[in-house]
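Student: sequence plus predicted model, see below.
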Amino acid sequence: MEQPQRTRTYQCQHFDSTRWDGYQPRDSDIIVATSYKAGTTWTQAILAHLLFPDGQFPDTPANLSPWLDMNMVPLDVALDTIESQTHRRYIKTHLPLDGMRYEDKVKYVYVSRDGRDVFMSMWNHYRNYTDQMYLDLDNMPGFEDQPFPRAPDDIHTFWANWISKSYFDNEASGWPFWSHFSNVQSWWDYRDLPNIEFFHYNDMLNDLDGEMRRLANYLEIDVPEKYWPSIVDACSFASMKERAVEYTPGGGIFWKGGAQTFINKGTNGRWRDVLSEEELALYELACEKELSADCRHWLENGRSQDG
């Protein structure tokens, strides 16, 4: 199969795809990729427990897996952090695949979720940004004259913007962030490559033990059987909620209410009590514009319901 090519540069107040230019890959590296609010932190936590099944982490799980494309950490600091790690590295990205420098020796773990569930989680994420978070975004070098839009008071206003407007010219939704749908499709197009494996939030909810074992098998991580009950329990939503500060980026300082706000509900389907038929019609349009039929089916169902 033809390999992915980096054909676009993605730069906004949150991330910059050129930050990967200085990345020096190791054959054992793991890249955790998602659009956002689709199981990123959960997957990073699972990897921490797979790689350190005795629970003796060299740092908090959040610090072990840096988000390299994120603008807020100086690039030299981010690269030095990654380069100094002696354990098997797992690095986070929110970039579409056409903005990534693809490495055929690296293993990619792509995690996603129904766009309507992503939206509900993003609403909690966005509306709870602290004043300091907005200040940091507004003072991001290169974007000082572009204040990041404040979250609206009404969820329906956010839906109208998120589902119908775009920040990047090649996308059709996601404003004021980036398109969940376009991001997923960019990776889905290369799902048959042996070093890209897809995981779905629904499947992780329905069979956490099975999906953790599938992930370990794909990454060739040999976890002694005696550890499995404890690490599966540690990766349950309830356990992660109890230790939210350890798993949440920055320990939760970017959100009102801290880490407990960031690790919020861990459920799907809440959009059914929120979005009207007219609003769901906009979802249909967004899917038609940005998703292939098979990608949409997987996003809405996951692997376990795919037959």
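Tutor: Cool, got the structure. All values derive from a computational prediction rather than experimental measurement.
Student: buried stuff in the worst-scoring helix or strand of the chain on mean pLDDT?
Tutor: Every helix and strand of the chain was ranked by mean pLDDT, DSSP states H and E. The lowest is helix 259-262, at a mean of 72. In terms of neighbour count (16 or more other CB atoms under 10 Å), helix 259-262 has its buried residues at 259, 261-262. Bear in mind the C-beta positions are built from the backbone N, C-alpha and C, glycine included.
Student: quick check, nearest of the residues you listed to Ala293?
Tutor: Closest approach between the buried residues of helix 259-262 and Ala293, by CB to CB: Phe262, at 33.3 Å.
Student: Met72 - how many residues pack around it?
Tutor: For Met72, the count of nearby residues is 16 (other CB atoms under 10 Å).
Student: just Lys289 next, same as before
Tutor: Lys289: 15 neighbours (other CB under 10 Å).
Student: elements contacting the host helix or strand of it?
Tutor: Assigned by DSSP states H and E, Lys289 belongs to helix 277-290. Other elements packing on helix 277-290 under the criterion 3 or more CB pairs under 8 Å, 6 or more residues apart in numbering; DSSP states H and E are helix 115-127, helix 155-164, helix 180-188.
Student: for the shortest one, name the packing helices and strands.
Tutor: Put plainly, it is helix 180-188. Using 3+ CB pairs under 8 Å, 6+ apart, helix 180-188 is in contact with strand 107-112, helix 115-127, strand 196-200, helix 277-290, helix 293-301.
Student: the last one to strand 107-112, inter-axis angle?
Tutor: Read it as helix 293-301. 70 degrees (axes from the mean of the first three to the mean of the last three CA atoms, to 10 degrees).
Student: figure out how far helix 293-301 is from the centre of its chain.
Tutor: The gap between where helix 293-301 is centred and where its chain is centred comes out at 18 Å by CA atoms, centre = their mean, to the nearest Å.
Student: so which bits of that helix are buried?
Tutor: Buried residues in helix 293-301 (16+ other CB under 10 Å): 295-296, 298-300.
Student: dump it to CSV, restricted to CA.
Tutor: Taking C-alpha atoms only, helix 293-301 is exported to CSV below (Å, rounded to 0.1, in the frame of the first residue of the first chain):
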residue,chain,number,x,y,z
ALA,A,293,-19.5,5.6,4.3
ASP,A,294,-17.3,2.9,5.9
CYS,A,295,-15.5,5.4,8.1
ARG,A,296,-18.8,6.8,9.3
HIS,A,297,-20.1,3.4,10.1
TRP,A,298,-17.1,2.6,12.2
LEU,A,299,-17.2,5.9,14.0
GLU,A,300,-20.8,5.4,14.9
ASN,A,301,-20.6,1.8,15.9
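Student: what average pLDDT does it get?
Tutor: The pLDDT scores in helix 293-301 average 97.
Student: same question for the first one.
Tutor: Within the predicted structure, the mean pLDDT of strand 107-112 is 98.
Student: in the stretch 201-307 of the chain, where is pLDDT below threshold?
Tutor: By pLDDT under 70, the weakly predicted segments of the stretch 201-307 of the chain are 263-266, 304-307.
Student: rerun at 90
Tutor: Residues of the stretch 201-307 of the chain that meet the criterion pLDDT under 90 lie in 237-269, 303-307.
Student: out of the buried residues of helix 259-262, who's nearest Ser166?
Tutor: Closest approach to Ser166 among the buried residues of helix 259-262 (CB to CB): Phe262, at 25.2 Å.
Student: that older thread, so for Pro25, which of the helices and strands packed on helix 277-290 sits nearest?
Tutor: So among these, helix 180-188 is nearest, using CB to CB, at 17.9 Å.
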